[in-house]
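**Q** prediction below, plus the sequence it came from.
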Amino acid sequence: MNVTPTDATLGAVVTEVNLANLTDDLWESIHANFLEYGVLIFPGQHLSEQAQGQFALRFGNAEKMHPQQPGPSVQLSNQKANGEMVDPEDQGYRLLKGNEGWHTDSTYMPLAAKAGMLAALVVPPENGETEFADMRAAWDELDDDTQKKLEGFSAYHSLYYSQSRDGFNHTTDHSYGLHVKGAPLRPIVKTHPETGRKSIYTGRHAYGIPGMSPQASETLLSDLLDNACQPPRTYKHTWCIGDIAVWDNRCVMHRARPYDTNQPRILRASRISGEPESELAPTFADHRASDFRPSSNNEFSLSS
Ligand SMILES: [Fe+2]
C-alpha cells in the first residue's frame with residue numbers, strides 16, 4: 001500500500017491496495033492513516049455496492065440515511081432512475097444544492113456521524129468536485145484568547161435552519177435528515193475521541209449560540225467557518241469514476257462544488273454512525289420541524 005500525502009494539512013492518496021479484498025493488517029494501516037490524515041482518497045477502486053458496504057462497516061455501524069435504505073449505502077443523484085434529471089423544486093435536489101456549503105454530516109441528528117464515504121459512479125465532465133477542510137489545523141491556528149473564548153460556546157444544529165438560510169423552504173417529510181426530534185446542542189470545540197486532538201466543530205447547520213443574539217451568533221459562526229476553510233487547510237478532490245473517498249467527520253468539514261446540473265452526477269454514499277459517548281448530543285425543540293407534509297416525489301435516496 002502506497003500513501004501519498006496531499007499538499008494540504010489533511011488528506012492522502014492511497015494506491016496499491018484492493019479495498020474489496022482487505023486483510024486485517026491492511027485495515028489497521030488504513031485506519032491509522034485515516035486518523036492521521038483525516039481524508040483518504042482511493043483512486044480507481046470500482047467497488048460494488050456490497051464491497052463498499054463491507055469497507056464502510058470496518059469503520060463502525062452504518063447510519064441509516066433514509067427510512068427505505070436497504071443497506072449501508074444510498075445514491076446521491078441528480079438523475080432519476082428513468083434518466084430524467086431531478087426537478088430543481090424537489091426537496092432532494094435542494095438538499096444536494098445545500099451540500100455545496102461547508103458542513104459536517106449529521107450534526108443536526110441526535111447522533112452525528114463518525115465518518116463519511118463516497119464512491120464516484122457517474123461524474124460530470126467538469127466541476128462537481130468534493131472539497132475537504134481540516135478543522136484540527138484550523139483550531140491550532142487560533143490564538144490562545146480565541147481558543148479560550150470558543151471553548152465555552154455551543155451551537156444548535158438544524159438542517160431546517162441551514163436549508164432555509166440558503167433560501168429553501170424546507171418541510172418535514174420524515175426522509176433524509178428531516179426528523180422531528182429537535183435541534184442538537186453541540187460544543188463548538190470537539191476533542192477527537194481517538195486522537196485527543198481538538199478541532200472546530202461547526203458547519204452550515206450550526207446556529208444560535210446560547211447567550212448570544214442570533215445576529216452575533218451568525219456573524220461569529222460564519223467568520224469562524226470562512227477563516228477555517230482556507231488553504232493550506234483545504235483539499236479539493238476531482239472525481240474519476242471508481243474513486244472512493246473517506247473522511248473523519250469528527251474533525252473534517254466538506255462541501256460539494258457546483259457543476260452543470262444538466263449533467264448527471266451520481267455518488268454512492270455510506271455514512272458511519274458516531275459513538276454515543278462522543279457524538280450524541282441533547283436535543284431541543286426546533287419549531288421548523290413541525291410542518292409535516294408527506295413527500296410523494298423524493299428522489300434523494302434511491303439505492304437500487
Ligand atoms: Fe455531506
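**A** Alright, I've got the coordinates. Numbering: from 1, shown residues only.
**Q** make it CA atoms for all contacts and neighbour counts henceforth
**A** Fine.
**Q** middle-most residue in the protein, spatially?
**A** If you average the C-alpha coordinates of the chain and look for the closest C-alpha using Cα atoms, centre = their mean, you land on Asp105, 3.4 Å from that point.
**Q** spit out the contact partners of that residue.
**A** The contact partners of Asp105, taken as Cα atoms under 8 Å, 6 or more residues apart in numbering, are 112-113, 116, 249.
**Q** please state the backbone phi and psi of Asp226?
**A** Per-residue torsions, Asp226: phi -60, psi -40 (degrees, to the nearest 10).
**Q** so for it, what pLDDT did the model give?
**A** The per-residue pLDDT reported for Asp226 equals 97.
**Q** mind listing the helices for this protein?
**A** 24-37, 49-59, 91-98, 135-141, 144-150, 159-165, 214-228, 276-279 (DSSP state H).
**Q** right, and these - which one's nearest Asp243?
**A** Shortest distance between Asp243 and the helices of the chain, using Cα to Cα, is found for helix 49-59: 11.1 Å.
**Q** just the residues contacting that closest one, thanks.
**A** Here helix 49-59 makes contact (Cα under 8 Å, 6+ apart) with 19-20, 27, 31, 62, 71-73, 115, 117, 270-272.
**Q** let me know the closest of those to Trp239.
**A** Within the set of the contacts of helix 49-59, Met117 lies nearest Trp239; the separation is 13.2 Å, counting by Cα to Cα.
**Q** re earlier: in the contacts of helix 49-59, find the pair that's most separated.
**A** Farthest-apart pair in the contacts of helix 49-59 is His31 and Gly71; separation 22.3 Å (Cα to Cα).
**Q** would you format the contacts of Asp105 as JSON lines with neighbour count included?
**A** Below are the contacts of Asp105 laid out as JSON lines (neighbours: other Cα atoms under 10 Å):
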{"residue": "Ala112", "neighbour count": "26"}
{"residue": "Ala113", "neighbour count": "24"}
{"residue": "Gly116", "neighbour count": "26"}
{"residue": "Asn249", "neighbour count": "27"}
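**Q** return the member of those residues nearest to Ser162.
**A** Of all those, Ala112 has the smallest distance to Ser162: 15.8 Å, by Cα to Cα.
**Q** residue contacts, the closest one?
**A** Each residue near Ala112 by Cα under 8 Å, 6+ apart is listed here: 105-106, 273-274, 279-280.
**Q** pLDDT value on Asp286, please?
**A** 81.
**Q** just give the closest residue to it, not the sequence neighbours.
**A** Spatial nearest neighbour of Asp286, excluding adjacent residues (Cα to Cα, 6 or more residues apart in numbering): Gly182 at 4.8 Å.
**Q** next one: Tyr201
**A** What sits nearest to Tyr201 in space, not counting adjacent residues and going by Cα to Cα, 6+ apart, is Ile188, at 5.0 Å.
**Q** quick one: Asn262 and Glu84 touch, right?
**A** No. No contact is recorded between Asn262 and Glu84 when judged using Cα atoms under 8 Å, the distance being 9.6 Å.
**Q** quick one on the thing from earlier: what's the closest of the helices of the chain to Ile244?
**A** With Cα to Cα as the yardstick, what comes closest out of these is helix 49-59 (8.7 Å).
**Q** any idea of the angle that closest one forms with helix 24-37?
**A** Between the direction of helix 49-59 and that of helix 24-37, the angle (axes from the mean of the first three to the mean of the last three Cα atoms, to 10 degrees) works out to 70 degrees.
**Q** buried ones in helix 49-59, by neighbour count?
**A** Residues 49, 52-57, 59 are the ones in helix 49-59 that count as buried (16 or more other Cα atoms under 10 Å).
**Q** okay, those in a markdown table with distance to Ala285 and pLDDT next?
**A** Rendered in a markdown table, the data for those read as follows (distance: Cα to Cα, whole Å; pLDDT from 0 to 100):
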| residue | distance to Ala285 | pLDDT |
| --- | --- | --- |
| Glu49 | 37 | 96 |
| Gln52 | 36 | 97 |
| Gly53 | 34 | 96 |
| Gln54 | 36 | 96 |
| Phe55 | 36 | 98 |
| Ala56 | 32 | 97 |
| Leu57 | 32 | 96 |
| Phe59 | 31 | 98 |
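**Q** can I get those in TSV including distance to Gly98?
**A** Putting these into TSV (distance: Cα to Cα, whole Å) gives the following:
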residue	distance to Gly98
Glu49	25
Gln52	25
Gly53	25
Gln54	29
Phe55	27
Ala56	24
Leu57	27
Phe59	26
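**Q** ok, Thr107 to Thr202 distance?
**A** Using Cα to Cα, to the nearest Å, one gets 8 Å for the distance from Thr107 to Thr202.
**Q** shaky segments in the stretch 101-250 of the chain?
**A** In the predicted model of the stretch 101-250 of the chain, residues 170, 172-180 satisfy pLDDT under 70.
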